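Chemist: Need the 3D shape of this:
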Amino acid sequence: MGLSFGSFDSVCSTAALVICPLLGASGQGIEPNCYSRNVQIGSTLIFQPSTCFVHIVAILMTGIMIYHIRSKYTAVGRKEIVMFFWLYMAIELLAMFLDSGIIPTANVSYPWFTAVYTGLIAAAYCCLLINGFVGFQFAEDGTPFSLWFLRLSCLFIFGVSFLIAIATFNSFIGFSPTKTTALFIVYLIWPIFCVTTYTLSQLVLVFRTLDDRWPLGDIIFGIAFYTIAQVLLFAFSVTICNAIQHYLDGLFFFTLCVLLSVMMVYKYWDSITREDLEFSVGSKAAVWEVKDPLLTATVAADFEEDTTSNYHTGGTAASLVGGVSGGQYYYGGGAKGGYSQGGYGGAQRGYPPTSDRY
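Modeler: Numbers count the residues shown, from 1 in each chain. Model prediction:
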């Protein structure tokens, strides 16, 4: 069966998507031709265990990426890009419960959670799309206008996608599980459009704005991982599943490759942003090291000059006591009025007195 625009019959027969149990004319969903084995833990049956493991790894890796993004206090687009990773983390968390069957497909809440999942996916791609234009500074990043435009746009896309999904699942306002054209556009066409636009905008940014061409490698790897994910899921999922005897299917490799592509988005953003150390506020004190030998000598000379009195031309540094140092005052050469080691010109120590003087 070939792929038909607006129809999930071919897609769901190949890939075990979370929306497939809610589609089709039978009322029982569209079952894939091959899917990975299940694992029973106690009295609970866990579907897609290998994919759930990738979801957990994705959540942990996203947390690490969010931490590093938030630590770059003065980087361009920091607040905008971190929202994309928060959305991706929420998607992975919800997908773990939906893929594994912890939320059963027969449960009345499953369509609602799946609709939220669909809305989050559309909102995440919208966030990525808008982040593609942050570097052009159409609006200054980090300002209320930039942040609220991003938030409201993502919220609008989330709302539209959520309504389309829940209306399709529950058959109201003209939608039904067999009329899936709008859901097809939201779930499959919209992500491809957003990724393509983001990629083209970043290529323009690199070639016209940046002197460094190394970020192109991150873009290439990110697109490669994303393309591989789509091909493995929608073209070779059944082949992989049969070859590995149902231990894995295309959904496992799809989730893994999407994680790698998201990591490339972080790597690319990190490579094109530089932190302004003058205004940076970190949790660790910065250690400054002077590596220029000429500059080191100059700093040492300035420090030595600052520690020498402007009223003293040589010898021992002067003291605030009588204009002379303490050594001169008690032990200095007698012509200057100091106490010599023998008192007033004598051969013995003047102060403190020795025992032979008593």
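Chemist: all strands of the protein, in order?
Modeler: 39-41, 44-46 (DSSP state E).
Chemist: and the first one, what does it pack onto?
Modeler: So that's strand 39-41. Helices and strands touching strand 39-41, by 3 or more Cβ pairs under 8 Å, 6 or more residues apart in numbering; DSSP states H and E, are strand 44-46. C-betas here are computed from N, CA, C, even on glycine.
Chemist: Show me the contact partners of the strand it packs on.
Modeler: Outside strand 44-46, the residues that touch it by Cβ atoms under 8 Å, 6 or more residues apart in numbering are 38-40, 52, 100-102.
Chemist: swap the cut-off to 10 Å and go again
Modeler: The list of residues contacting strand 44-46 from outside it, by Cβ atoms under 10 Å, 6 or more residues apart in numbering, reads 38-40, 52, 99-102, 104.
Chemist: Apart from its neighbours in sequence, what residue is nearest G250?
Modeler: S237 (2.6 Å; Cβ to Cβ, 6 or more residues apart in numbering).
Chemist: Do I have it right that that neighbour meets A229?
Modeler: No: here S237 does not reach A229: they are 11.0 Å apart, not a contact under Cβ atoms under 10 Å.
Chemist: Now do the shared contacts for those two.
Modeler: Common neighbours of S237 and A229 (Cβ under 10 Å, 6+ apart) are 250, 253-254.
Chemist: S237 and A229: which is more packed in?
Modeler: S237 (27 against 20; other Cβ atoms under 10 Å).
Chemist: and the more buried one, how far is that from M83?
Modeler: Using Cβ to Cβ, to the nearest Å, S237 is found at 31 Å from M83.
Chemist: thinking again about what came up before, could you single out the nearest of the shared contacts of S237 and A229 to F156?
Modeler: The closest of these to F156 turns out to be F254 (Cβ to Cβ; 27.4 Å).
Chemist: Please report the distance of the residue nearest to the closest one when sequence neighbours are not counted from P111.
Modeler: Ranked by Cβ to Cβ, 6+ apart and with sequence neighbours excluded, the top spatial neighbour of F254 is L233, at 3.9 Å. Per Cβ to Cβ, L233 is found 22 Å from P111.
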